[in-house]
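K.L.:
sequence first, predicted coordinates after that:
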Amino acid sequence: MKGFWVLSSLLCSSTPVTSNGNHSANRTLQMIDTVKTDIIAAHPNDFVFATTAADIERAHKQHKIAALMGIEAATLLKTPSPAARLLRARYPYMTLTHFNTNDWADSQGDIDDPKVVHHNGLTRLAWTWSTK
């Protein structure tokens, strides 16, 4: 990647929509640990973990690739123990939905499904979290 002047790489942690409860959160944590150990820690001369623009700039000055991580679908935060670890990890972004409407927000993936109760956008929970 360095040969192509890659300054940063965004690595997303995602689990299938059909995954539920702790399985989704734990699987996401496993993927995050894999990226941190098998990519970033295993290649310290090439990669550095980044959570801010300043981290990316610092990595660039060190001629390293800034590895940013994000979480796909806030439904992972339904389970308290894994959710606390995910939040402490300081990821630069987290999507609220993936393909399905959830307790956070409506999704375009099921907007035409009459069986799904929609919120008309973001829920109060999402508004509260997004302003923190």
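P.N.:
Done, it's in. Numbers count the residues shown, from 1 in each chain.
K.L.:
so, low pLDDT: which residues of this structure?
P.N.:
Counting by pLDDT under 70, the chain has low-confidence residues at 1-8, 10-22, 73-90, 92, 130-132.
K.L.:
so is T28 in a helix, a strand, or just coil?
P.N.:
Of the three states, T28 takes helix under DSSP: H, G, I helix; E, B strand; the rest coil.
K.L.:
that one contacts I71, correct?
P.N.:
Yes - using Cβ atoms under 8 Å, T28 is in contact with I71, at 6.5 Å. Where you see a C-beta, it was placed from the backbone N, CA and C, and this is true even at glycine.
K.L.:
for this protein, just list every one of the helices.
P.N.:
21-34, 53-61, 80-88, 124-130 (DSSP state H).
K.L.:
residues in contact with the shortest one?
P.N.:
Outside of helix 124-130, the residues within contact range by Cβ atoms under 8 Å, 6 or more residues apart in numbering are A74, L96, D103, W104, A105, L122.
K.L.:
then it to CSV, C-alphas only?
P.N.:
The C-alpha coordinates for helix 124-130 follow below in CSV (Å, rounded to 0.1, in the frame of the first residue of the first chain):
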residue,chain,number,x,y,z
ARG,A,124,-34.4,9.8,21.0
LEU,A,125,-31.6,7.2,21.8
ALA,A,126,-29.7,8.1,18.7
TRP,A,127,-30.1,11.9,19.2
THR,A,128,-28.8,11.5,22.8
TRP,A,129,-25.7,9.4,21.8
SER,A,130,-24.9,11.5,18.7
